[in-house]
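Engineer: the following block contains a protein sequence and its predicted model.
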Amino acid sequence: MKVAVFATKPYDRFFFESVNQKYNHDLHFFSPNLDAQTVSLAAGYSAVCVFVNDHLDRAILEVLAKQETRLVALRCAGYNNVDLHAAEELGITVVRVPAYSPHAVAEHAIALILTLNRKIHRAYYRVREGNFSLNGLLGFDLHNRTVGIIGTGKIGRITGQILHGFGCHILAYDLYPNEEFSEKYAKYVSLAELFNKSDIISLHCPLTPETHHLINENAIASMKPGVMLVNTSRGGLVDTKAVIRGLKSKQIGYLALDVYEQEADLFFEDLSGEIIQDDLFERLLTFPNVIITGHQAFFTEDALESIAETTLSNIKNIEQGEFCPNKVTVEK
Ligand code: NAD
């Protein structure tokens, strides 16, 4: 199928071209996001392949339909950026990649915990400058510490299993507890108990109206003083202003973020020569006990290969009129 691949970075192109040797789709790569200004680039393409920051609202979908695009292939799990009702009315099929590598995200959460605890981000620069002082680098043993995992789906369970291997006590909270995880690795408790007893809290639930600002002023006040908070899930789970107040009062002892509520204006681009206008984000960067990565938890070779494989297979299924397990349909 002739596919216009939007929002392409060099790494996307590398993995898509390599996996496509098996599928032989006619792929054309475009670096801009798909929007009102760039939608004309898709004229004549049967399919568009898009990512998290491409917004396919009704107006864009109407133009795509007029230009005879019949398939939107999302190369991500979420589909909140596509107007599914409009796509259905316009006869455009939508497919996605429901899971790629939960290990990638779980392992990144562990990297953040270890870095923050042992101050590797600070030690790295000190040693390069010939400063071998240990003052300010004191960490704690993970062994015997209590870790609270909120959301015990694919990623949360792997994170819990790895930390169990470190000798941590795992507390878990989920709307739907997992029996096997509970038998082998964790004790399910109420959210209040998890907040109250955890030395480290790692977020792995989706962003929904119920979980928006789950970590707010009250939640932070009920945590152990000096708690470590880790968010590799979605920025909107955390009330950034409340977290900054928590860091200033030292109620929060450590903060690691891979996601940020206003990340769409920042992440995935090189802004090193720009003046960043987001004052909350800039304030977070001033704390020595905060580390932020730019939504890179998923970013492993294995995950990118898996994303390319599933996306190109989805396109083949639709092209050949086969059953596609990853079709997204409107909930009725
Ligand atoms: P999953 O669907 O397997 O698991 C999510 C779990 O959260 C489920 O067990 C669900 O029951 C639970 N849950 C739902 N609502 C809840 C609530 N109100 N309170 C507590 N638990 C609740 O998803 P996953 O693959 O493990 O992914 C988890 C999250 O990780 C995703 O929602 C996504 O936002 C994030 N993610 C981040 C990256 C990254 O690069 N940083 C990559 C992939 C996924």
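Structural biologist: Right, received. Where do you want to start?
Engineer: next up, phi/psi of the residue of the stretch 51-200 of the chain found nearest the ligand, please.
Structural biologist: Closest residue of the stretch 51-200 of the chain to the ligand, Cβ to the nearest ligand atom: residue 153 (1.6 Å). Where C-beta positions appear, they are placed from N, C-alpha and C, glycine not excepted. Per-residue torsions, residue 153: phi -80, psi -150 (degrees, to the nearest 10).
Engineer: please apply the same query to residue 200.
Structural biologist: Residue 200 adopts backbone torsions of phi -130, psi 140, taken as degrees, to the nearest 10.
Engineer: leaving out chain neighbours, which residue sits closest to residue 74?
Structural biologist: Distance criterion Cβ to Cβ, 6 or more residues apart in numbering; nearest residue to residue 74, sequence neighbours excluded, is residue 96 at 4.1 Å.
Engineer: which residues of this protein lie near the ligand?
Structural biologist: By the rule Cβ under 6 Å from any ligand atom, the part of the chain lying against the ligand is 102, 105, 150-156, 173-176, 204-206, 208, 210-211, 232-234, 258-259, 295, 297-298.
Engineer: 8 Å instead, please
Structural biologist: 77-78, 99-100, 102, 104-105, 108, 150-157, 173-176, 178, 191, 204-208, 210-211, 214, 232-234, 258-259, 295-299 (Cβ under 8 Å from any ligand atom).
Engineer: what subset of the residues you listed is buried?
Structural biologist: Neighbour counting by 16 or more other Cβ atoms under 10 Å classes 100, 102, 104-105, 108, 150-157, 173-174, 178, 204-205, 207, 211, 214, 232-234, 258-259, 295, 297-299 among the residues of the chain next to the ligand as buried.
Engineer: take the residues you listed and keep only those in strands.
Structural biologist: 150, 173 (DSSP state E).
Engineer: which residue ranges of the chain form helices?
Structural biologist: Here the chain has its helices, by DSSP state H, at 10-23, 58-66, 84-89, 102-118, 120-128, 154-165, 179-184, 191-197, 217-221, 240-248, 279-284, 301-319.
Engineer: for those, could you give me JSON lines that also reports mean pLDDT?
Structural biologist: Formatted as JSON lines, the helices of the chain follow (pLDDT from 0 to 100):
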{"stretch": "helix 10-23", "mean pLDDT": "97"}
{"stretch": "helix 58-66", "mean pLDDT": "97"}
{"stretch": "helix 84-89", "mean pLDDT": "96"}
{"stretch": "helix 102-118", "mean pLDDT": "97"}
{"stretch": "helix 120-128", "mean pLDDT": "97"}
{"stretch": "helix 154-165", "mean pLDDT": "97"}
{"stretch": "helix 179-184", "mean pLDDT": "98"}
{"stretch": "helix 191-197", "mean pLDDT": "98"}
{"stretch": "helix 217-221", "mean pLDDT": "98"}
{"stretch": "helix 240-248", "mean pLDDT": "98"}
{"stretch": "helix 279-284", "mean pLDDT": "98"}
{"stretch": "helix 301-319", "mean pLDDT": "97"}
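Engineer: among those, which is nearest residue 139?
Structural biologist: Shortest distance between residue 139 and these, using Cβ to Cβ, is found for helix 102-118: 4.3 Å.
Engineer: show me what the closest one is packed up against.
Structural biologist: Counting contacts by 3 or more Cβ pairs under 8 Å, 6 or more residues apart in numbering; DSSP states H and E, helix 102-118 packs against helix 154-165, strand 200-203, strand 227-231, strand 252-257, strand 290-292, helix 301-319.
Engineer: good, wrapping up.
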